[in-house]
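1. Here is the input, now give the coordinates:
(chains A and B)
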Amino acid sequence: MNKKLRTKFLNAEIKSPLVLPAGIMDMSFSGLDISAKNGAGIVTSKSFTLQPRTGHKGPVVAEFEGGFLNAMGLCNPGIVDGLAETNEFKERSDTPVIVSVFATNVNDFLKLTEYVNTSKGDFLELNLSCPNVFDEFGIPLAASKDEVHKIIKAVKKISEFPVIAKLSPNVYDIVSIAKAAESAGADAICMINTVGPGMLIDTKMVKSVLFNKFGGLSGPCIKPIALKLIYQTYSEVRIPIIGMGGVKSGEDAIEMMMAGASMVGVGTAVYYRGIEVFNKINNEIIEFMDKNEYSNLEGVPKLEKLK
Amino acid sequence: MNKRITLKIAKIEDETHDIKTFTFKHKLNAKPGQFIMITDFEGGEKPLSISDCSEDEFSITVKKIGEFTSRLFQKREGDFMSIRGAFGSSFFISDGKVLLVGGGYGSIPLYLLAKYLSEAGADISVINGARTKNDLVFCDKFRELGIKLIITTDDGTYGEKVSSVDVARKILSNQLVPKPQLGNNDHFQAGAWKRENDEKKKKFDFVYAAGPEMMMKSLQGVIGDIEYEFIFERYMKCAIGICGNCTMDPLGIRLCVEGPVLSKKIVEQITEFGKYHRDATGKRILY
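-> Predicted structure coming up:
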């Protein structure tokens, strides 16, 4: 990997600023491994819950002109089997891994954190923002700065790993929530989770295309929303941001960095450009850096912060 | 963009007591081995092999195995179903001497393959095996292609009680030579296969297999150094290579994109082959 892409994220040396986010290619150690081999600098596990979940019945994805809707429904093998996959990945790869976990209350988050403490993971991500389990769990925790603060504070007390808060864009004031995460001790913010949720209708059968009816939006259509929220958050918090939402190209990734992201997630673009997308975007970032004579990522300018 | 399309079921035909063929009028441009995702929006979207495909129509052939397929079996001609695809890799079309081995409803994708191979001028032998006579599919369709057909059943309710892998081993080593145009006597009869005046015993160029994974695993052991392609099943959700549910260890290949047809070179590297697969939660399930 080109040295120009080397960067630091929290305590780790990273070979590329690109991150495989939770929910993409992460059901198996081999899915993480092929993503890392194709140029992802950090990979994220599926969001694990205490017990296995089959997720929603299909259709779980629906494509439209601007991107995708998905409602996977947090399918995952449970924390025990999930961490076994993560550990098997770490036996094969030196790429850092974020272990993502999902729960709906402090106690479960603490239990999950104890499991993660025993794993070979590098970072702990708290998924506070899955938009696709509303029927089961109600409004995501990430909608409440008090809940976010309470959970992160409790988890930080026992976590052996740096803690990343995955936030939802579907709130009125994301900055106050990011600040609550920061003041509770979060080491980084991961944003944005999918947008909406939205829906699509099959006009012949008069049915919602997704069996869950609603699903989170991803893909190019959400990039402007992601950029705006990342920029607002970057202006107000000091902890690093993993920025994501509709990144398909090197230029998109540069936009994320200019908005304030330290690392950049690439998810849906795996569909548009293949599993090789990470290296394609890495090369496009290098081209951009060469053209503009930036010798390292720190040299890529960021927007002036909002006043 | 792989646009979703909602189509009326044009025709429904019974193949066996629990297998039906559903035909749709639509130009799908699918190749042998590829699959579609199909749903009625009532819960469940499933990957199903394309069993036939022509200029203006295509068919899927489905075994009733669960909630979704049970509901599908209640549908009538004229009812709507919504599909995405065709997805995935397709079989290499050889023009040499080939052996197709199908087990149970695994034989479904082999029919379209046999059609293509036949057009390419291949010398085709098909072993169509099943547990019992009632589970055999497409025997008549294979016969219509005028290829060498060997039918076996595990319980001997049709032909000899013999495993398809055992027959494959004997055929590949030229201990048995299938006769052309066997008509209705195409089931396995040991005596019928010994050739008095052997034609030049040409080595097989290619083996194709579709069926239970353990059958393919045993078959792999008798193929030797002949090139082959197998078609696999894994739990698929998105079918577009994003969710990672159907990745196979240790390569991380996505069966919905790089598969479902995998070549010898890939199959030989797959450590989970014949050992485990992952269920809808991602949990490993041992075979």
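2. list the contacts for the nearest residue to A:Gly265 once chain neighbours are set aside?
-> Spatial nearest neighbour of A:Gly265, chain neighbours left out: A:Met244 (2.8 Å); criterion: C-beta to C-beta, 6 or more residues apart in numbering or on different chains. All C-beta atoms are positioned from the backbone trio N, CA, C, and that covers glycine. A:Met244 sits next to A:Val19, A:Pro21, A:Cys190, A:Met191, A:Ile192, A:Ala226, A:Met256, A:Ala261, A:Val264, A:Gly265, A:Val266, A:Gly267 when contact means C-beta atoms under 8 Å, 6 or more residues apart in numbering or on different chains.
3. same deal with A:Leu69?
-> Residues near A:Leu69 by C-beta under 8 Å, 6+ apart: A:61-62, A:196-200, A:209-210, A:214-217.
4. near chain B, from these?
-> With C-beta under 8 Å from any C-beta of the partner chain as the criterion, those include A:Val61, A:Ala62, A:Val209 near chain B.
5. will you turn these into a markdown table that also has pLDDT, neighbour count and distance to A:Lys307?
-> Rendered in a markdown table, the data for these read as follows (pLDDT from 0 to 100; neighbours: other C-beta atoms under 10 Å in any protein chain shown; distance: C-beta to C-beta, whole Å):
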| residue | pLDDT | neighbour count | distance to A:Lys307 |
| --- | --- | --- | --- |
| A:Val61 | 97 | 25 | 41 |
| A:Ala62 | 96 | 21 | 41 |
| A:Val209 | 98 | 23 | 43 |
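6. Okay, and which of those residues map to strands?
-> When the ones next to chain B among the contacts of A:Leu69 are checked against strands (DSSP state E), the matches are A:Val61, A:Ala62.
7. between the ones next to chain B among the contacts of A:Leu69, which is nearest chain B?
-> Checking these against chain B by C-beta to the nearest C-beta gives A:Val61 as the nearest, at 4.7 Å.
8. For A:Ile24, see how far away that closest one is.
-> Counting by C-beta to C-beta, to the nearest Å, the gap from A:Val61 to A:Ile24 is 12 Å.
9. Need the residues touching each of the two.
-> Common contacts of A:Val61 and A:Ile24 (C-beta under 8 Å, 6+ apart): B:Ile242, B:Cys243.
10. Just give me the neighbour total for A:Lys3.
-> 9 (other C-beta atoms under 10 Å in any protein chain shown).
11. no no, A:Glu304
-> So A:Glu304, with other C-beta under 10 Å, has 7 neighbours.
12. Show the contacting residues for it.
-> If a contact means C-beta under 8 Å, 6+ apart, then A:Glu304 has no contacts.
13. Look up the pLDDT of residue 136 for me, please.
-> Since no chain was named, I'll use chain A. The model reports A:Glu136 with a pLDDT of 83.
14. other chain: chain B
-> 93.
15. Which residue, neighbours along the chain excluded, lies closest to it?
-> B:Ala130 (4.5 Å).
16. and if you look at B:Asp154?
-> B:Arg131 (4.8 Å).
17. what does A:Pro140 give?
-> A:Ser129 (4.8 Å).
18. Distance check, that neighbour against chain B.
-> To chain B, A:Ser129 is 18 Å away according to C-beta to the nearest C-beta, to the nearest Å.
19. What is the three-state secondary structure of that residue?
-> Of the three states, A:Ser129 takes coil according to DSSP: H, G, I helix; E, B strand; the rest coil.
20. Wait, it touches A:Ile177, no?
-> No. The criterion here is C-beta atoms under 8 Å, and A:Ser129 misses it with A:Ile177 at 9.5 Å.
21. Find residues that contact each of the two.
-> A:Ala142, A:Leu167.
22. part of a strand, is B:Leu251?
-> No. Under three-state DSSP, B:Leu251 falls outside any strand and is assigned coil.
23. contacting residues for it?
-> With C-beta under 8 Å, 6+ apart, B:Leu251 has these contacts: A:Ser30, A:Ile34, B:Ile266, B:Gln269, B:Ile270.
24. ok, now A:Thr113?
-> Residues near A:Thr113 by C-beta under 8 Å, 6+ apart: A:Val101, A:Leu124, A:Val155, A:Ile158, A:Ser159.
25. Any residues of chain B in contact with chain A? List them.
-> Going by C-beta under 8 Å from any C-beta, the residues of chain B near chain A are B:1-4, B:6, B:37, B:39-46, B:80, B:82, B:237-245, B:247-254, B:278-284.
26. From the residues you listed, list the buried ones, please.
-> Buried members of the residues of chain B next to chain A, scored by 16 or more other C-beta atoms under 10 Å in any protein chain shown, are B:4, B:6, B:37, B:39-41, B:44-46, B:80, B:82, B:237-245, B:247-254, B:278, B:280-284.
27. With respect to chain B, which of the contacts of A:Met244 is nearest?
-> Each of those was checked against chain B using C-beta to the nearest C-beta; the closest is A:Gly267, at 7.4 Å.
28. Check the gap between that closest one and B:Leu117 for me.
-> For A:Gly267, the distance to B:Leu117 - C-beta to C-beta - is 40 Å.
29. In this structure A:Gly246 contacts A:Leu217, no?
-> No. Between A:Gly246 and A:Leu217 no contact is recorded; they are 9.1 Å apart, counting by C-beta under 8 Å.
30. overlap in contacts of these two?
-> Shared contacts of A:Gly246 and A:Leu217, defined by C-beta under 8 Å, 6+ apart, comprise A:Gly67.
31. Quick check: which ranges of chain B have low pLDDT?
-> Flagging of chain B using pLDDT under 70 yields the residue ranges B:1-2, B:179-201.
32. neighbours around B:Glu119, how many?
-> Neighbour count of B:Glu119, defined by other C-beta under 10 Å: 11.
33. And it, how far from B:Leu112?
-> From B:Glu119 across to B:Leu112, the span is 11 Å (C-beta to C-beta).
34. before we move on, the earlier item: any of the contacts of B:Leu251 buried? List them.
-> For these, a burial check counting by 16+ other C-beta under 10 Å picks out A:Ser30, A:Ile34, B:Ile266, B:Ile270.
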